[in-house]
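Q: sequence unknown, structure follows:
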């Protein structure tokens, strides 16, 4: 795989909520007004244990990531269909987290300026896997206007 260097002006994080004890297998992204109509150049799963609100991030829990997939909607269709979430994890968990650091060693997954419609994107779990407390999947988005 070859990665292309794009001049990226901005970075933002997205938290996709996963309610406590949920039996969902399809988790919709909330609308992202700050990312409407922007050109996306990269998406990652940052190695974070908590989001800014203190919710547990599932980003470092391999038991969830190994059976989770993301579908991204752009150009009027599901342009990226059921990509394994582990493909978006290119950084290791914080030191001492005591978790498995399975990750993509190819680096950041890049895009070519697609305008993603976040409210039509979703995460699919292979089977219903309830988590004991409210939690989130956190995505980092590199973009430019």
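A: Good, I have the coordinates. Keep in mind that what you see is a predicted model, and the values were worked out from it rather than measured. Numbering: from 1, shown residues only.
Q: Can you list the buried residues in the worst-scoring helix or strand of the chain on mean pLDDT?
A: When the helices and strands of the chain are scored by mean pLDDT, DSSP states H and E, helix 62-65 comes last with a mean of 77. Of the residues in helix 62-65, 62, 64-65 count as buried by neighbour count, 16 or more other CB atoms under 10 Å. Backbone N, C-alpha and C define where each C-beta goes, glycine included.
Q: can I get those in TSV with distance to residue 45?
A: Rendered in TSV, the data for the buried residues of helix 62-65 read as follows (distance: CB to CB, whole Å):
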residue	distance to residue 45
62	11
64	11
65	7
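Q: Beta-bridge partners for residue 14, please?
A: In this structure, residue 14 bridges to residue 139 when assessed by DSSP bridges.
Q: residues in contact with it?
A: The contact partners of residue 14, taken as CB atoms under 8 Å, 6 or more residues apart in numbering, are 29-30, 32, 35, 118, 138-141.
Q: Tell me which helix or strand comes right after the least confident helix or strand of the chain.
A: Following the chain from helix 62-65 toward its C-terminal end, the next helix or strand by DSSP states H and E is strand 68-74.
Q: Point out where the chain drops to low pLDDT.
A: Screening the chain residue by residue with the criterion pLDDT under 70, one finds the ranges 1-8, 90-107.
Q: pretty sure residue 34 belongs to a strand, no?
A: No. Residue 34: not assigned to a strand; according to DSSP: H, G, I helix; E, B strand; the rest coil it is helix.
Q: Which residue comes closest to it once chain neighbours are left out?
A: residue 12 (6.2 Å; CB to CB, 6 or more residues apart in numbering).
Q: Three-state assignment for the one you found, please.
A: Using three-state DSSP, the three-state assignment for residue 12 comes out as strand.
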